[in-house]
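S.K.: Compute the structure for the input listed below.
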Amino acid sequence: MLCESTQGRDKGSCYVIMAVCEGKRAVMVADGRLKTVSSPKTKNLKHVSLLPLMAEDIAERLADGGKVYDHEVKRAIKELRK
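M.R.: As a prediction, the model looks like this:
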């Protein structure tokens, strides 16, 4: 799922949610550029706005435990933001 940062230095940036942190009310997000898939950013759920857009191919691969690459995340954000 896509989200947009509403607080912090990255306010207005779009990210793909890579994982949900249980018990912390936080999500791990990546944009494929500054925050890569290998080192995602942890964002508090209060500080993001969930967008009604879903990167289906990335979601399926994450659910199956497959590898997701930065260029796929960048492409998904670009296509879904159009």
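
S.K.: in the chain, which strand has the most residues?
M.R.: Identified as the longest strand of the chain according to DSSP state E is strand 14-21.

S.K.: and that one, which residues are buried?
M.R.: Buried residues in strand 14-21, counting neighbours by 16 or more other C-beta atoms under 10 Å, are found at 14-18. All C-beta spots, glycine's among them, are computed from the backbone N, C-alpha and C.

S.K.: Ok, stretch 26-40 next?
M.R.: For stretch 26-40, by 16+ other C-beta under 10 Å, it's 26-32, 35, 37, 40.

S.K.: Make TSV from the residues you listed and add distance to Lys67, pLDDT and secondary structure to it.
M.R.: Listed next are these as TSV, based on distance: C-beta to C-beta, whole Å; pLDDT from 0 to 100; DSSP: H, G, I helix; E, B strand; the rest coil:
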residue	distance to Lys67	pLDDT	secondary structure
Ala26	23	96	strand
Val27	20	97	strand
Met28	16	97	strand
Val29	18	97	strand
Ala30	13	97	strand
Asp31	17	97	coil
Gly32	13	96	coil
Lys35	17	96	coil
Val37	8	96	coil
Pro40	14	96	coil
